[in-house]
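1. Give the three-dimensional model of this entry:
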Amino acid sequence: MRISRRTVDKLGVKLYDSASAVVAELIANSYDADAENVTVQLPLATLLARSNEDGLEDFGHEIRVIDNGHGMTGTEANEHYLKVGRDRRLHSDQGPTSRLKTRRVMGRKGIGKLAPFGICKRIEVISAGGKRTKQGYRVVHFIMDYDKIIGDEDGPVPLEAGDQDGRFRCNTGTTIVLSRFESKRVPNAEVFHRQLARRFGLTSPDFEIHVQDTRNPEQNPETKLSGLSIPLLEGTKVSVDDRPVTFDGQELPVHGWMGLAKDAYKNEEMAGVRIYARGKIVATTRDFEQPAGFTGEHTIRSYLVGEVHAEWLDEDEDLIRTDRQGILWDSEYGRALREWGAFQLREIGAASRKPRRKRVATIFMEKSRLRQRAEEVFDDEEIVQAAIDFGEKIGSFAAEDELDDNEYINGLVEVILAVAPHKALVEAFQEFNRVLAGGGAVDTARLVDIFRKTRVAELASYGQIAVERVDAIERLENVIDAGETEPILQELIQSAPWIIEPTWSVVTMNEALRTFQRRFGAFWRTRHGNDLNIAIDETSKRPDFVAINVGKMLHIVELKAPNHLFDNNDFERLQNYVLAFRDFFAQNSELASEFSRGWRIDLIVDGVDIKDATRNNAFELFVRKREVEQTNWNDFLHRARQANEEFLEIRSAHRSSRTVQRTSTSGKEAKSHSALPPARARRKKLIGGSSKVSRRRRKRKGT
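-> This next block holds a predicted model:
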């Protein structure tokens, strides 16, 4: 077997594609060489090279990694450093610990030295080591050129010696110089520090990493690398020092912590739990590979952070991916860690529930401006407070990932403001009842206040109904104009049956209608041999017709698409309905009594074109007997608009005021011509006008 030199391409270029990843590998080599100080010199926030039509444009930048480790001699470089894939831990002349400080070395696969080829084509190594001589420590200086290493030959590659080769230095140490870059960019100081910091979990007091910006040293002075600082949600941090991973009857030690971040991830470096072995990252996980659908999945995957050290992941069995960005989760140890992690997630999820809801509620209250909006609508501090209390409860259960969506927030606010008067009324009655139960005297002012709250709650309900009706009419108008198909129209009628009969209310949707739905369906199946889908609420999909009960009258709504002409085939279906309803109610007198005003088919169609004379006469007879009432879509829409004319006028007036506001305002000095957003303005008008008017009326009445 012969290994091609192109292995270098696969192991170097393909695995490391960022400056921070490459520098981290070089720092790991410095740590294994017993260095106490490592200095990284590079141009931050800089494009290292640029691709153009002539190839790569090299800007002449360099990245240097300088350490004060024990260095190496030329012999050591040839025998150890330049042998790709050599596992130092298995060789007696090196072993699993460092030469002087007996550190547990990070290197294992012997390919980290190739990492720089992921971003550059030239690696220069300058190292002083070995025994001290009278002149000092002898320097070995050689250059690894990517283009010369990658070739068709599979034999040894002679390396070019540098100008310092054979000279002497006072101190040991190694300098790696990278140049001739690919089209890569070094991020700014903040990002580079985060990227580098997440790769190491070192707590060793005798090892420091310093970063120097060679481009703007005054703007970015030298800094010492420190660990990542992540603000945590109070009460969610869990120490795992005394929680070993159990596997095959043994306890595998871990130490570190996990918890939920105070805020959702703002950058990738802080996301998830970082897993380290020998002080170097081996994996990052947001959920310990749990399948989708577990409790608290969104929260865990958006907020879970931590730092877990598990040395056994890098011991006898190789469980770490080559690029050290993941472990083999399907191995026996990997499965054990996955199960251990799932248990920790359940505990963190349970511990975080209360503080997370509190935090979400706070975010919702801030973004919704609920107090201000409630005070604009209600001239009653108790109702305002009821809205706030209710808002905090609703906000705590809000979908956290939706809190940047104004439409979502405004929808919740609308619900809260609609319910607040009722909540305040219930609380007022409860307090009044406690006073009576305790033998207290009836406070007339308190009783008047309860009556006033009752009125506000009633009008708030009407206001909500009005808003919904106006929205439904506008949707109806849009679908008619768009010439939508029958299923779309049927769905709209199901959701707003009052469009057929303005006096309809939810109370009229009684058990008699459900009984009719069930028994007429069976009757039809016996007569025609097929099922009939009768819709009486929004749960039915693609119904044959919609049925509603209004004032003891059964309405059967048969819809045809706008611009459709009712023809011979349509009549056959209608005639089957008419004959079936006649016979059904003749045979079911008890059920018929529930609809004492009878039944009627409301046919919504833009015209009738029944060419067969006999069928046409029959259709006209149905109409004369008021078994069928035909209405075109324009009249149908007009009737709905007329029944809700006042509501529509309010919306139209408000929209006009908003148009004036948009055209007459300028910058921060603009004055609002409409004090409330649309839904609040509509509700305020519908529930009794401005707060000043309410105060004047109460003053005149002496209350």
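2. alpha carbons only for contacts and neighbour counts from here, please
-> Noted.
3. Identify the residues contacting the closest residue to Gly110 other than its chain neighbours.
-> Spatial nearest neighbour of Gly110, excluding adjacent residues (Cα to Cα, 6 or more residues apart in numbering): Gly85 at 4.3 Å. By Cα atoms under 8 Å, 6 or more residues apart in numbering, Gly85 lies in contact with 109-111.
4. Of those residues - the most surrounded one?
-> Ile111 (21 neighbours; other Cα atoms under 10 Å).
5. Let's see the pLDDT reported for that one.
-> Here the pLDDT value assigned to Ile111 is 76.
6. immediately after the top strand by length along the chain, which helix or strand?
-> In the chain, with assignment by DSSP state E, the single longest strand is strand 120-133. Of the helices and strands lying after strand 120-133 in sequence (DSSP states H and E), the nearest is strand 136-145.
7. packing partners for that next one?
-> strand 120-133, strand 160-161, strand 168-169 (3 or more Cα pairs under 8 Å, 6 or more residues apart in numbering; DSSP states H and E).
8. deepest of these, which one?
-> Mean neighbour count, computed with mean count of other Cα atoms under 10 Å, is highest for strand 120-133 among those, reaching a mean of 20.
9. what packs against that one?
-> strand 136-145, helix 146-149, strand 173-181.
10. Go ahead and list the helix or strand containing Asp330.
-> With DSSP H and E as the test, Asp330 turns up in no helix or strand.
11. Can you give me every residue that contacts it?
-> No contacts exist for Asp330 under Cα under 8 Å, 6+ apart.
12. quick one: the helices in the stretch 201-350 of the chain?
-> 297-303, 332-368 (DSSP state H, counting those that start in this stretch).
13. just to revisit the earlier point, can you check which of the helices and strands packed on strand 120-133 gets nearest to Glu468?
-> Proximity of the helices and strands packed on strand 120-133 to Glu468 was assessed by Cα to Cα; the nearest stretch is strand 173-181, lying at 62.9 Å.
14. neighbouring strands for the closest one, and are they parallel or not?
-> strand 63-67 (antiparallel), strand 120-133 (antiparallel) (DSSP bridges).
15. out of the ones you listed, nearest to Gly166?
-> strand 120-133 (9.6 Å).
16. Distance of Gly256 relative to Ile300?
-> To Ile300, Gly256 is 18 Å away according to Cα to Cα, to the nearest Å.
17. Comparing these two, which shows the higher neighbour count?
-> When Gly256 is set against Ile300 and neighbours are counted by other Cα under 10 Å, the residue ahead is Ile300, at 22 against 18.
18. want to throw the helices of the stretch 201-350 of the chain into TSV with mean pLDDT and distance to Val191?
-> TSV is the format used below for the helices of the stretch 201-350 of the chain (pLDDT from 0 to 100; distance: least, Cα to Cα, whole Å):
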stretch	mean pLDDT	distance to Val191
helix 297-303	81	19
helix 332-368	88	27
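19. if we can go back for a sec, just send the helices and strands packed on strand 136-145 back as CSV, with distance to Leu637 and mean pLDDT too.
-> Formatted as CSV, the helices and strands packed on strand 136-145 follow (distance: least, Cα to Cα, whole Å; pLDDT from 0 to 100):
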stretch, distance to Leu637, mean pLDDT
strand 120-133, 71, 95
strand 160-161, 88, 94
strand 168-169, 94, 96
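20. closest one to Glu208 among the ones you listed?
-> strand 120-133 (19.3 Å).
21. can you pull the pLDDT of the nearest residue to Arg132 once chain neighbours are set aside?
-> The shortest distance from Arg132 to any non-neighbouring residue, by Cα to Cα, 6+ apart, is to Arg138 (7.8 Å). For Arg138, the model assigns a pLDDT of 96.
22. and the residue lying farthest from the centre of the chain, how far is that from Phe192?
-> No residue in the chain has its C-alpha farther from the mean C-alpha position than Lys134, which lies at 65.9 Å (Cα atoms, centre = their mean). Going from Lys134 to Phe192 by Cα to Cα gives 41 Å.
23. How about Arg624?
-> For Arg624, the distance to Phe192 - Cα to Cα - is 84 Å.
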